[in-house]
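Below are the sequence and a predicted model for it; my questions follow.
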Amino acid sequence: MEPAVEKFCGLSVVENPRTADAPAPDFLCRRAVEPARRFHESLDGYAPTPLLSLPGLAAKLGLGAVFVKDESGRFGLKAFKGLGGSYAVFRSACERTRLDYEKTTQEDLRRTDIREKLVEVEFVTATDGNHGKGVAWAASGLGCRAHVYMPRGSVPARADAIRAAGA
């Protein structure tokens, strides 16, 4: 029996038929990830990032194909963690303003009455680079401050990039 293939978020999804006895955790089901996808698509400048084929690596590994998702152009952050950081900031902002995260968009968070509720919010995180940059970028987009703690010995360019993103 051939596995079912369906489209989800622009991708072809092939369900592994051997997982029937061990379904994915609830937080990975389609219903759980849909609000994150919808929110990310509401961000200014959002676009799906390309999958790059690495045929040489695939041949070396004896695989039919290897693909790498290229996030280097995402929101000018040059890192995929802009999505995770922005979603964490978004969920926190929704909680603070009592907005339903399953229906709220970035545009909703720009409303004056909502911005007034967020003006005093400060986000804090720890990172060695990209996560902090994503949180700083998302917080600054809401008019909030971000404090990013980095371990001693972090590469100065990473700290500079986090400051440039708004922390």
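Received the coordinates, thanks. Keep in mind it's a predicted model, so treat the numbers as computed, not measured. Residues are numbered from 1 along each chain as shown.

Same question for stretch 34-51: list its buried residues.
P35, A36, F39, H40, L43 (16 or more other C-beta atoms under 10 Å). The C-beta positions use only the backbone N, C-alpha and C, and glycine is treated the same way.

Let's see that stretch as CSV, backbone CA atoms only.
Taking Å, rounded to 0.1, in the frame of the first residue of the first chain, the C-alpha atoms of stretch 34-51 are listed here in CSV:
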residue,chain,number,x,y,z
GLU,A,34,-1.4,26.0,11.9
PRO,A,35,-1.5,29.1,14.1
ALA,A,36,2.3,29.5,13.8
ARG,A,37,2.2,29.1,10.0
ARG,A,38,-0.7,31.6,9.8
PHE,A,39,1.1,34.1,12.0
HIS,A,40,4.4,33.9,10.1
GLU,A,41,2.6,34.4,6.8
SER,A,42,1.1,37.7,8.3
LEU,A,43,4.6,39.1,8.8
ASP,A,44,5.9,41.8,6.5
GLY,A,45,8.3,40.3,4.1
TYR,A,46,7.4,36.7,4.8
ALA,A,47,8.0,34.3,1.9
PRO,A,48,8.6,30.6,1.8
THR,A,49,12.4,30.0,1.7
PRO,A,50,13.9,27.8,-1.0
LEU,A,51,15.0,24.2,-0.6
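
For that stretch, give me every contacting residue.
The contact list for stretch 34-51 (C-beta atoms under 8 Å, 6 or more residues apart in numbering) reads 9-10, 67-71, 73-76, 80, 83, 86-87, 90, 101-102, 104-107.

Measure how far that stretch is from the centre of its chain, please.
Centre-to-centre, stretch 34-51 and its host chain are 8 Å apart (C-alpha atoms, centre = their mean, to the nearest Å).

hmm, which helix or strand of this structure has the shakiest average pLDDT?
Lowest by mean pLDDT, DSSP states H and E among the helices and strands of the chain is strand 5-8, with a mean of 63.

Please enumerate the helices of the chain.
Listed in chain order, the helices of the chain (DSSP state H) span 30-42, 55-61, 81-97, 106-109, 112-118, 130-141, 156-164.

So for the fifth one, what gets flagged as buried?
Neighbour-count burial for helix 112-118, counted by 16+ other C-beta under 10 Å, picks out I114, L118.

Pull up the gap between G129 and F80, please.
Counting by C-beta to C-beta, to the nearest Å, the gap from G129 to F80 is 12 Å.
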